[in-house]
Structures are given as structure tokens and as C-alpha cells.
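>>> A predicted structure for the sequence below; I have some questions about it.
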Amino acid sequence: MNDAMGMPQSAVVLGGTSDIGRAILRSLVARRLRRIVLAGRDPEALIPVADELRALGADQVDTAVFDVTDVAGHQELAGKAAAQLGQVDLVLVTAGVLGDQISDEVDPEATARVLTTNFTGPASALVAFSDLLRRQGHGRLLVLSSVAGVRVRRANFVYGSAKAGLDGFAQGLADALVGSGASLTIVRPGWVASRMTEGLRPGPMATTPDAVAADVVAGLGKGASVVWSPAPLRLVFAGLRLLPQALWRRLPG
Ligand SMILES: NC(=O)c1ccc[n+]([C@@H]2O[C@H](COP(=O)([O-])OP(=O)(O)OC[C@H]3O[C@@H](n4cnc5c(N)ncnc54)[C@H](OP(=O)(O)O)[C@@H]3O)[C@@H](O)[C@H]2O)c1
């Protein structure tokens with residue numbers, strides 16, 4: 001169960017090697033998080049993440065093989081995580097790929113891969129884990145969306161449209177969970193310096209995984225339904241939504 005400050009004691013991370021996910025876990029272990037299931041594609045890559053969290057004070061860190069595109073396995077993973085953790089206080093959905101807009105937009109299979117990894121797969125996982133949280137009568141889903149989905153840009157519309165779909169799905173699911181005891185928080189970061197953006201030119205108001213984690217922890221404490229990171233992006237995008245399409249389509253990637 002969450003502690004009195006709204007901080008989780010147990011968590012499942014879907015995308016356990018994510019830089020942003022790791023930063024959130026480090027911040028939560030520094031508070032009350034003690035039992036964790038790290039789910040990811042490569043079991044070897046999860047080992048150093050588990051070691052780091054144990055060294056910081058986590059009592060139990062288990063790993064599980066998870067591919068977000070393998071939707072048939074999501075329900076089973078939710079059952080396994082519940083068996084390992086007992087109560088699941090937090091489910092972090094961090095799996096995602098940026099893709100390569102220039103090649104993806106002319107390649108049907110690559111487009112489908114980016115959409116499945118960022119939208120269909122995470123949506124399926126949200127359904128599997130929301131079912132678990134509903135039955136528990138408590139627990140929070142935390143979904144990594146992106147400002148790229150708030151208004152989709154020509155320069156990254158494959159990734160951006162997938163995040164727009166995921167964000168909309170998560171908003172609807174959050175409403176569906178009202179009254180169940182379970183809840184959902186959407187995180188909308190801007191440009192974050194992580195493995196995903198390595199080698200790319202930083203975007204405006206670029207931030208770091210640790211700064212996103214600090215915003216997430218503050219949001220969890222308040223029971224926020226949406227966390228923008230950095231926070232001023234909420235106002236920036238309120239304005240950008242009004243920009244004429246002829247200007248919007250010229251914005252760089
Ligand atoms: N970085 C940014 O600027 C930024 C901004 C806004 C939102 N976000 C979102 O934040 C989330 C975390 O991103 P990050 O910056 O921490 O990047 P990251 O370090 O590259 O993390 C991405 C994670 O997704 C996992 N993943 C990719 N494909 C997968 C699949 N098919 N099945 C399971 N896991 C898969 C990766 O696992 P592997 O180790 O197996 O590759 C990795 O754990 C993503 O959803 C991203 O879209 C990032």
C-alpha cells in the first residue's frame with residue numbers, strides 16, 4: 001500500500017531499462033519503495049538496474065521478460081507480478097521507441113512497429129494491469145506519454161501520433177477507473193537527455209531523467225492526473241495549440 005505521503009512500496013516497471021524509469025525508481029527507493037519487478041526485453045540488461053536499486057535500499061528486485069508488442073503475454077505478466085509483489089502499488093509504463101521519422105514515414109512495417117511499441121502495446125499492458133489494480137481496489141498506473149502527442153508535428157508525426165493515441169487512451173482509462181480505488185497519472189515530458197535521444201540536438205526546455213523523476217514524485221504526492229515536465233510546458237503547449245497549421249508544419253524535429 002502507498003504510505004501516508006502517497007508513495008508506493010511496490011512497483012512493476014514495463015520497460016525496466018528506461019533511463020527515465022530508472023531515475024523515477026531511484027527517487028522512489030529513496031522514499032518508501034522496497035519491492036520491484038523490472039520487466040524488459042533483455043534479461044541481462046535488467047541485472048545492473050536491479051543491482052543499482054538493491055544498493056540504494058530496495059529489499060526485493062525481480063526481473064521478468066517482457067516485450068510490449070507481445071500483447072498476448074500481458075495478462076500473464078500482470079498475474080506473475082502480483083504473485084511476486086503481493087499488492088502492486090504502482091505500474092510504470094515506460095517502454096517506447098523514438099523511431100526514425102524520415103525512414104519510418106515511407107516504410108509501412110516500420111511505421112506499424114513504432115505505433116505498436118508506443119501505442120497498441122502500452123494500451124494492452126494498461127488494460128491488463130488496470131484489471132489487476134481494479135481487483136486489488138488500489139494502485140496507480142503511471143504512463144510515459146510525451147508533449148510530442150499533445151499536438152502532432154510534421155517533423156515527428158509517426159512517434160507523435162502514437163503518443164497522441166496513448167495519451168488519449170490513458171485519459172479515457174483514467175476516467176473509467178474513477179470509483180474503483182485504482183488511478184492513473186499521465187506524464188508528458190518534453191525533450192529529455194536519455195538513451196532515446198542520444199546524439200540528437202536538444203529541444204527547447206530540454207531536461208534530464210532526474211528532473212523528470214522529481215516532477216513525477218511531486219505529482220504522485222499530490223495524486224496528480226497529469227505531470228508536465230518541465231511544468232511550464234503546460235502553458236507553452238496551451239499557446240502552441242493555437243498556432244496556425246501553416247506555421248506549425250514548418251517546426252523542426
Ligand atoms: N527521452 C525523451 O526525450 C522522452 C520525451 C518524452 C517522452 N519519452 C518517453 O519516455 C519513455 C522512456 O523513455 P526514455 O527516455 O527513458 O528512453 P530509453 O532509455 O530509450 O527507454 C525506452 C525503454 O523502452 C524499452 N522498449 C523499447 N521497445 C520495447 C519493446 N518492444 N518491449 C519492451 N520494452 C521496449 C527499452 O528497452 P530496451 O532496453 O530493451 O531497448 C527501454 O527500456 C518512453 O515511452 C518515451 O517515449 C521520452
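Structure's in. What do you need?
>>> which parts of the stretch 101-250 of the chain sit against the ligand?
Residues of the stretch 101-250 of the chain found near the ligand, taking CB under 6 Å from any ligand atom as the criterion, are 117, 144, 146, 189, 191, 192, 194, 195, 196, 197. In this view, the C-beta of every residue, glycine as well, is placed from N, C-alpha and C.
>>> Filter these down to the buried ones.
117, 144, 146, 189, 191, 192, 194 (16 or more other CB atoms under 10 Å).
>>> which stretches of the stretch 151-253 of the chain have low pLDDT?
253 (pLDDT under 70).
>>> do that again at 80, thanks
Residue ranges of the stretch 151-253 of the chain with pLDDT under 80: 252-253.
>>> May I ask you to name the longest helix in the protein?
helix 157-177 (DSSP state H).
>>> and that one, what does it pack onto?
Other helices and strands packing on helix 157-177, by 3 or more CB pairs under 8 Å, 6 or more residues apart in numbering; DSSP states H and E, are helix 101-104, helix 108-115, helix 121-136, strand 139-144, strand 182-189.
>>> Any idea how many residues pack against residue 245?
9 (other CB atoms under 10 Å).
>>> same thing with residue 1?
When neighbours are counted by other CB under 10 Å, residue 1 comes out with 11.
>>> Settle this for me: it is touching residue 34, isn't it.
No. At 11.9 Å, residue 1 and residue 34 do not qualify as touching, with contact defined as CB atoms under 8 Å.
>>> Which neighbours do the two have in common?
residue 9 (CB atoms under 8 Å, 6 or more residues apart in numbering).
>>> returning to what we had before: looking at the buried ones among the residues of the stretch 101-250 of the chain next to the ligand, which is nearest residue 208?
Nearest to residue 208 out of those is residue 192 (CB to CB; 6.6 Å).
>>> Contact partners for that closest one?
Counting by CB under 8 Å, 6+ apart, the residues that residue 192 touches are 19, 20, 206, 207, 208, 209, 212, 229.
>>> closest point of the stretch 51-200 of the chain to the ligand, which residue?
At 2.5 Å from the ligand, residue 96 is the closest residue in the stretch 51-200 of the chain, using CB to the nearest ligand atom.
>>> Which helix or strand contains that residue?
Taking DSSP states H and E as the definition, one finds residue 96 inside no helix or strand.
>>> try residue 27
helix 19-29.
>>> Just the angle for that helix relative to strand 139-144, thanks.
150 degrees (axes from the mean of the first three to the mean of the last three CA atoms, to 10 degrees).
>>> helices or strands up against helix 19-29?
For helix 19-29, the packing partners by 3+ CB pairs under 8 Å, 6+ apart are strand 10-14, helix 43-56, strand 90-93, strand 139-144, helix 209-222.
>>> and with 6 Å instead?
helix 43-56, helix 209-222 (3 or more CB pairs under 6 Å, 6 or more residues apart in numbering; DSSP states H and E).
>>> so of the ones you listed, which one's packed in deepest?
Highest mean neighbour count among the helices and strands packed on helix 19-29 (mean count of other CB atoms under 10 Å): helix 209-222, with a mean of 19.
>>> Distance from the chain centre to it, please.
With CA atoms, centre = their mean, to the nearest Å as the basis, helix 209-222 stands 13 Å off its chain's centre.
>>> partners of the helix or strand that it is followed by in the sheet?
Later in the chain than helix 209-222, the nearest helix or strand by DSSP H and E is strand 226-229. With DSSP bridges as the test, strand 226-229 is paired with strand 182-189 (parallel).
>>> Identify all contacting residues around the partner strand.
133-134, 139-145, 147, 170, 173-174, 177, 212, 216, 224, 226-229 (CB atoms under 6 Å, 6 or more residues apart in numbering).
>>> Just the buried subset of those residues, please.
133, 139-145, 147, 170, 173-174, 177, 212, 216, 224, 226-229.
>>> For residue 74, grab the count of nearby residues.
Around residue 74 there are 24 residues (other CB under 10 Å).
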